[in-house]
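1. got a sequence here, can you model it:
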Amino acid sequence: MKDKPPVIAQRLMNLYRQAHAIEGGWRAVNAVFLEESDDAVLDEVRKLPTGEKLAEHILELRTGRTDSDSISSELMPYGGLMETHFEEVAADARFSDEDMSALEAELENFQPTEEHLNIIKSLPYVRQFGDRWLAGVRAAISGRPNLVARWKIVYSASRAFDLWERASNILSWPPTERTRAEVQADLPEYETYLPMFGTAGQEFLTKLRAFVSSM
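-> Next comes the predicted model:
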């Protein structure tokens with residue numbers, strides 16, 4: 001059964017805001033926009049914060065005024081600041097040989113626990129990237145496929161703990177139609193990462209699905 005337009009609209013807005021971090025970039029995101037957005041969905045998109053910009057971008061894709069792998073600069077989320085900042089992070093991502101060897105040793109022993117994650121985040125050459133530490137380190141090790149593969153484990157652990165905290169907060173709030181729609185839009189991510197917590201994660205997923213089904 002197809003999701004309701006408000007749910008699809010929220011999912012598209014989430015993609016729009018996170019396009020800078022999605023593999024495949026605008027080409028991948030735009031394909032979803034074109035596939036899932038009918039006129040009813042566009043009406044709901046316009047009701048969301050910055051929704052007018054996203055709706056206009058989708059219309060430009062439909063008419064061909066915007067290529068399938070791009071977006072007009074004036075319609076970029078956050079005014080294009082996220083893309084610009086990512087490029088700056090990638091350009092400045094340089095590790096000394098000593099830093100690279102130390103990181104390799106840490107990743108060799110990394111386990112997806114909060115303790116190990118905090119150790120990685122506290123390393124001086126990781127802290128230099130601030131809130132963009134995941135992207136910064138990923139850019140710095142781009143020429144080392146073996147480290148990139150291990151860094152994906154760090155990314156997954158970080159994402160899992162972030163989603164655990166978000167789910168805890170959501171389930172402690174009085175439910176609203178908006179929060180239910182947001183959870184439904186993000187449910188694939190919860191289903192990807194929360195199982196990392198074993199039985200506790202599965203129980204959390206059950207609660208989130210019940211939360212959504214109460215719409």
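2. and Arg178, what does it touch?
-> Counting by Cβ atoms under 8 Å, 6 or more residues apart in numbering, Arg178 makes contact with Gln10. (Each C-beta comes from the backbone N, C-alpha and C, glycine too.)
3. work out for me the element it sits within.
-> Using DSSP states H and E, Arg178 sits within helix 177-193.
4. give me the mean pLDDT for that helix.
-> Mean pLDDT, computed over helix 177-193, is 79.
5. elements contacting the next helix or strand after it?
-> Next along the chain after helix 177-193, taking DSSP H and E as the criterion, comes helix 198-213. In terms of contacts (3 or more Cβ pairs under 8 Å, 6 or more residues apart in numbering; DSSP states H and E), helix 198-213 is packed against helix 145-172, helix 177-193.
6. which one, of those, ends up nearest to Ala139?
-> When those are compared by Cβ to Cβ, helix 145-172 sits nearest Ala139, at 10.3 Å.
7. centre of the chain to that closest one, how far?
-> Distance, stretch centre to chain centre, for helix 145-172: 10 Å (Cα atoms, centre = their mean, to the nearest Å).
8. what angle separates it from helix 198-213?
-> Using axes from the mean of the first three to the mean of the last three Cα atoms, to 10 degrees, the inter-axis angle of helix 145-172 relative to helix 198-213 is 50 degrees.
9. ok, now how distant is Ser214 from Leu61?
-> Note on Ser214: its distance to Leu61, by Cβ to Cβ, to the nearest Å, is 34 Å.
10. so which of the two has more stuff around it?
-> Between Ser214 and Leu61, counted using other Cβ atoms under 10 Å, Leu61 has the larger neighbour count: 20 against 8.
11. measure the more buried one to Gln128 for me?
-> For Leu61, the distance to Gln128 - Cβ to Cβ - is 37 Å.
12. what of Phe33?
-> 35 Å.
13. of those two, who's got more company?
-> Using other Cβ under 10 Å as the criterion, Phe33 and Gln128 rank with Phe33 on top: 24 against 18.
14. got the contact list for the more buried one?
-> Neighbouring residues of Phe33 by Cβ under 8 Å, 6+ apart: 12, 15-16, 57-58, 61.
15. one more pass at 7 Å, please.
-> By Cβ atoms under 7 Å, 6 or more residues apart in numbering, the contact list for Phe33 reads 12, 58, 61.
16. measure the nearest residue to Glu60 once chain neighbours are set aside to Thr176 for me?
-> Excluding the flanking residues, the one nearest Glu60 by Cβ to Cβ, 6 or more residues apart in numbering is Thr66, at 4.0 Å. Counting by Cβ to Cβ, the gap from Thr66 to Thr176 is 34 Å.
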